[in-house]
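In: Would you be able to build a 3D model of this:
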Amino acid sequence: MEAGRIRFIPRPTLRTGRWCLAGRFPNSLNAIREMTASVVTFAPVWLNARELKRLFAALGAPAVDVRCVGGSIRDAVLGRDRADSEIDVGTPEPPAQVLARLADAHIKAIPTGIDHGTVTAVVDGRAFEITSLRRDTACDGRHAAVAFTTDWHEDARRRDFTMNAMSLGLDGVLHDDHGGAADARAGRVRFVGDPDDRIQEDYLRILRLFRFSALYGREPIDPATLIACERHKAGLMRLSVERIHSELAKLLAAPDPMAAMTQMTTCGVLAAILPEHQDVDALARLIVAERHIPADCPADVLVHRWVRRLAVVIPPSAVGAVVARLKLSHGERERLEQAAGGPIFTPTQAPTPTSVDFRRALFHLGAGTVMDRLLVSRAARPARDSHHDAAAWRSVLTAACAWTPHPLPVGGEDVMGLGIAAGPAIGRILAAMTEWWITAAFVPSRAQALEELARMAREVVGAKR
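Out: Residues are numbered from 1 along each chain as shown. Next up, the predicted model:
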C-alpha cells in the first residue's frame with residue numbers, strides 16, 4: 001500500500017453508517033483482504049456532520065486542502081469515534097484568511113490562539129478549533145516559535161506522536177505520513193522522528209508519552225525512547241506546576257496506568273515530578289480492588305479517582321508536601337487527606353456492611369471517602385486469594401455505592417424545647433443521639449428519637465442537680 005494513503009469510502013448501504021477500505025496495496029490479494037479486515041469497522045460517524053460540511057465549504061474546500069486533524073482521527077481509527085466528537089481542523093491558509101472566510105460565511109469566530117494560528121469557529125452551536133499549518137522556527141523546551149506553511153507534510157513532522165500526526169479530508173482519504181494508524185491499532189505510542197529531538201522541543205512530551213501509553217498503549221515504550229526520557233528528565237523542572245498536575249491527574253485517571261507508572265519509575269521520570277513516591281506495587285493492588293466496584297456506582301462517589309490512586313503511591317506523611325507542590329484544589333486536597341486517613345476496618349476485622357464501624361464511617365464521612373478508604377486499605381494488604389474474602393469486600397463496596405444519607409431526625413431546637421439552655425450540653429446530647437442513631441441502624445422513627453432525646457435530657461438535668 002502506498003504510504004500515507006488509505007481511502008475510506010461508504011459501503012453501498014449508507015444508512016448502516018459503516019465504512020470500508022479502498023486504496024492502493026502491494027501486490028497480494030491476501031494483503032488487501034488482511035487490511036480490509038483490520039479496518040472494516042472504522043466508522044468516522046462525524047464525517048458527514050452538517051456543521052462540519054458547512055465549515056469546510058466556508059474554508060474553501062475542496063479547492064483549499066482543508067482536513068480534520070488530531071485526536072478525532074486517532075479515535076476513529078481505534079473505533080472510538082462518536083457523533084459528538086470534538087473535531088479539530090487544519091488549513092494551509094493563515095489565520096487572517098481564515099477569519100475573513102468565516103466572516104464571509106457568517107460563522108462566529110473566536111481568536112482563541114491566533115498568535116499560534118488557532119481560531120475557534122462556532123457553527124450552529126458546535127465549536128471547531130481551526131489551526132493554520134505550521135512549522136517550528138525555534139524551540140526553548142516548552143514554547144515554540146512558529147511560521148505558517150502550506151505544506152501538510154511539514155506540519156505533520158512537528159507533531160508529537162505518530163498516532164496524532166494523521167489527517168482526514170471530507171473525501172475520506174486518510175493522510176498518514178508516519179504510520180500512525182498502524183501504531184494506534186497496535187497500541188504502540190511512538191514519537192514522530194527522533195525522540196531526543198521531539199522531547200527537547202517540548203519537555204511536556206515526556207509526560208504526554210506516559211499518559212498516552214496508559215490510555216492507548218498495548219506495547220511497552222521502546223527502550224531507546226525511555227533512555228531519551230531519562231536523559232532529558234531534568235527538563236521537566238521547566239514545566240509549570242499546573243501542567244505537571246494536569247498530566248499526572250490524567251495519567252492516574254486512565255483505566256490501568258500501572259505499566260506506564262512502572263516505566264516512569266524505571267527511567268526516573270516519576271521521581272523527578274513526584275519525589276515522595278514509594279513502591280508502586282500498591283497501585284497494582286488498588287487497580288485490582290477497583291474492579292469490584294459495582295458498575296452502577298454513582299459518579300459522584302467515584303469522582304477524583306486519580307486522587308485515590310495518588311494516595312497509595314505516596315506515604316501518608318507526604319500528603320502535605322504533595323498538596324503544596326502540585327497545588328491541588330481544595331476538593332482534591334480534602335479527598336487526598338481523607339483517602340490517606342486510615343482504614344475503616346482494622347486488620348483483624350472482617351469487612352461487613354452491617355458493622356457499626358462501617359455505618360459510622362458512612363454517616364460522618366460520606367460514601368466517596370469511605371469508598372476511597374476501603375480501596376486504599378485493601379491495596380495496603382497482601383493479596384488474598386480466598387473467595388470469601390473477595391466476596392466480603394464486594395459486599396462493603398456495594399453497600400458504600402448504595403448508601404443514602406440518613407440525617408438525624410432531631411436537632412438543636414428539639415433539645416432546647418426540652419429546657420436545655422444553649423451551650424455545650426446541646427452539642428454533647430446531639431453527639432450522643434447521633435451515636436444512638438447509628439447504632440440503631442437509622443431505623444427508629446422521629447417519635448422514637450424524640451423519646452430517646454427526652455430520656456437523655458432528663459439524665460443531663462439530673463446530673464446537674
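In: Counting residues, which helix of the chain comes out longest?
Out: Across the chain, the longest stretch assigned as helix under DSSP state H is helix 446-464.
In: Give me the buried positions along that helix.
Out: Under the neighbour-count criterion of 16 or more other Cβ atoms under 10 Å, helix 446-464 has 449, 450, 452, 453, 456, 457, 460 buried. For every residue, glycine as well, the C-beta is placed using N, CA and C.
In: cool, stretch 258-269 as well?
Out: Of the residues in stretch 258-269, those buried (16+ other Cβ under 10 Å) are 258, 259, 260, 261, 263, 264, 265, 267, 269.
In: Next: stretch 415-426.
Out: Residues 415, 420, 425, 426 are the ones in stretch 415-426 that count as buried (16+ other Cβ under 10 Å).
In: which pair in these spans the largest distance?
Out: Greatest spatial distance in the buried residues of stretch 415-426: 415 and 425, 8.1 Å, computed using Cβ to Cβ.
In: returning to that earlier point: of the buried residues of stretch 415-426, which is the nearest to residue 214?
Out: Closest to residue 214 out of the buried residues of stretch 415-426 is residue 426 (51.7 Å), distances taken as Cβ to Cβ.
In: So the closest one sits against residue 416, correct?
Out: Yes. When contacts are counted by Cβ atoms under 8 Å, residue 426 is listed as touching residue 416 (6.9 Å).
In: and the gap between the closest residue to residue 267 other than its chain neighbours and residue 271?
Out: Distances taken as Cβ to Cβ, 6 or more residues apart in numbering place residue 230 nearest to residue 267, at 4.1 Å, with adjacent residues excluded. Going from residue 230 to residue 271 by Cβ to Cβ, to the nearest Å gives 11 Å.
In: about what we covered before: for residue 115, state which of the buried residues of stretch 258-269 is nearest.
Out: Distance to residue 115 across the buried residues of stretch 258-269 (Cβ to Cβ) is lowest for residue 269, with 30.5 Å.
In: In this structure the closest one contacts residue 237, no?
Out: No. Here residue 269 does not reach residue 237: they are 11.8 Å apart, not a contact under Cβ under 8 Å.
In: tell me the contacts of the residue nearest to residue 201 when sequence neighbours are not counted?
Out: Leaving aside its sequence neighbours, residue 201 sits nearest to residue 139 (Cβ to Cβ, 6+ apart; 4.2 Å). Contact analysis of residue 139 by Cβ atoms under 8 Å, 6 or more residues apart in numbering lists 145, 200, 201, 202.
In: Please apply the same query to residue 401.
Out: Applying Cβ under 8 Å, 6+ apart to residue 401 gives the contacts 293, 294, 296, 297, 298, 301, 367, 371.
In: Give the burial count for residue 91, as a bare number.
Out: By the criterion of other Cβ atoms under 10 Å, residue 91 has 26 neighbours.
In: what do you get for residue 74?
Out: By the criterion of other Cβ under 10 Å, residue 74 has 23 neighbours.
In: circling back: let me know the pLDDT of the residue nearest to residue 267.
Out: Note for residue 230: predicted pLDDT of 98.
In: Go ahead and confirm it touches residue 268.
Out: Yes. If you go by Cβ under 8 Å, residue 230 and residue 268 touch, sitting 5.4 Å apart.
In: Return the backbone torsion pair for residue 174.
Out: Note on residue 174: its backbone torsions stand at phi -90, psi 120 [degrees, to the nearest 10].
In: So it is in contact with residue 168, correct?
Out: Yes. Counting by Cβ under 8 Å, residue 168 is a contact partner of residue 174 at 5.3 Å.
In: more neighbours, the two?
Out: Comparing residue 174 with residue 168 by other Cβ under 10 Å, the one with more neighbours is residue 174, at 25 against 22.
In: Averaged over its residues, which helix or strand of the protein has the lowest pLDDT?
Out: When each helix and strand of the chain is scored by mean pLDDT, DSSP states H and E, helix 29-39 comes last, with a mean of 34.
In: Send me the following helix or strand past that one as CSV with only the CA atoms.
Out: Where DSSP states H and E defines the elements, the next helix or strand beyond helix 29-39 is helix 50-58. Output of helix 50-58 as CSV, limited to C-alpha atoms (Å, rounded to 0.1, in the frame of the first residue of the first chain):
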residue,chain,number,x,y,z
ARG,A,50,-23.8,19.1,8.6
GLU,A,51,-21.8,21.6,10.7
LEU,A,52,-18.5,20.1,9.5
LYS,A,53,-19.5,20.3,5.9
ARG,A,54,-20.6,23.9,6.2
LEU,A,55,-17.3,24.8,7.9
PHE,A,56,-15.2,23.1,5.2
ALA,A,57,-17.2,24.9,2.5
ALA,A,58,-16.6,28.2,4.3
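In: So which elements touch helix 50-58?
Out: Judged by 3 or more Cβ pairs under 8 Å, 6 or more residues apart in numbering; DSSP states H and E, the packing partners of helix 50-58 are helix 95-104, strand 118-123, strand 126-132.
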